[in-house]
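J.: structure, please.
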Amino acid sequence: MAFRDTTMKDESAEPIIVVIDDEQQLRRLLRVSLEANGYRVFEAPNGKLGLVEVASRRPDLVVLDLGLPDMDGLDVVARLREWSAVPIVILSVRDSEHDKVTALRGGADDYLTKPFSTAELLVRLQVARRHAQTEVAAAIFTSGTLKVDLTSRSVNVNGQPVRLTKTEYALLRFFVRNAGKVLTHSQIMESVWGPNNREKTNYLHVYMTYLREKIEETPAKPALLVTEPRIGYRLNVDSRFQLSADRTKLKGAKLENA
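T.: All right, here's what the predicted structure looks like:
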């Protein structure tokens, strides 16, 4: 499998929850309530430490405040969603519809405003955990000579680090998170460049060329980022095996590359 976890987890243990909030009194209240209901609780007073806790603890749930001292909670959600599917429940004094919609669209699973009922929070945590499939911690993708560490945002080819621009990395990350799937041009454009750029596929062709030049052994004959003619592209889960399968299927046919 392309992804692997670098840490082991005892499935029989009580569920782990990371609370990211700068209010010490609130963290103390949550710890008492959550531990009384069978959770193991770890705390972080800011976003950066919260990201570290999630990466190291592999929690079953995250409770997150939006008003953190070092970074906005929405940025924490975005960073977590780059490599983790852990359920995230927002606790915030922000009660506008815009804030709630933005957080939920950004990847949060639920939103509860302060002040809140502890009983309601416990129920929402149970629902979030039940509905979400947790895939946390050091997700490392490998295919052929390519290695992508989503937690550290590092890319290596043949054991050597590769420097990517912000857009190149966003493009590669989208392929990694959908490895083996055929992605249409419009899907890729919307994910990387936004919904208003679905039809501007010339951007995609240019950046696919840039990306292939950096990660493919032979960019003119890509083995990792392969073209699906008239549809889009696909990142091979393991190019050594997939490429031979493609050659068998396409024997006698003309190969098309963007």
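J.: now do the domain split for the protein, please.
T.: 16-131, 140-249 (automatic domain parsing).
J.: what average pLDDT does the longest one get?
T.: Read that as domain 16-131. In this model, domain 16-131 has a mean pLDDT of 91.
J.: buried sites along the one helix or strand residue 98 maps to?
T.: In this assignment (DSSP states H and E), residue 98 forms part of helix 97-106. By neighbour count, with 16 or more other CB atoms under 10 Å as the criterion, the buried positions of helix 97-106 are 99, 100, 102, 103, 106. Where you see a C-beta, it was placed from the backbone N, CA and C, and this is true even at glycine.
J.: would you confirm that the last one contacts residue 79?
T.: No: using CB atoms under 8 Å, residue 106 makes no contact with residue 79, being 10.6 Å away.
J.: any chance you could read off phi and psi for the residue nearest the centre of the chain?
T.: Central residue of the chain (CA atoms, centre = their mean): residue 82, 2.5 Å from the mean position. Here is the backbone geometry of residue 82 (degrees, to the nearest 10): phi -70, psi -30.
J.: contacts only, for it.
T.: Each residue near residue 82 by CB atoms under 8 Å, 6 or more residues apart in numbering is listed here: 150, 153, 173.
J.: and the strands in the stretch 151-258 of the chain, which stretches?
T.: For the stretch 151-258 of the chain, the strands defined by DSSP state E, counting those that start in this stretch cover 154-157, 160-161, 182-184, 225-228, 232-235.
J.: wait, the stretch 1-150 of the chain
T.: 16-20, 40-44, 61-64, 88-92, 110-113, 140-143, 146-149.
J.: hey, what's the angle from the first one to strand 88-92? Just curious.
T.: Per axes from the mean of the first three to the mean of the last three CA atoms, to 10 degrees, the angle that strand 16-20 makes with strand 88-92 is 30 degrees.
J.: relative to strand 40-44, how tilted is strand 16-20?
T.: 20 degrees.
J.: what's strand 16-20 packed up against?
T.: Strand 16-20 is packed against helix 24-36, strand 40-44, helix 47-57, strand 61-64, with contacts defined by 3 or more CB pairs under 8 Å, 6 or more residues apart in numbering; DSSP states H and E.
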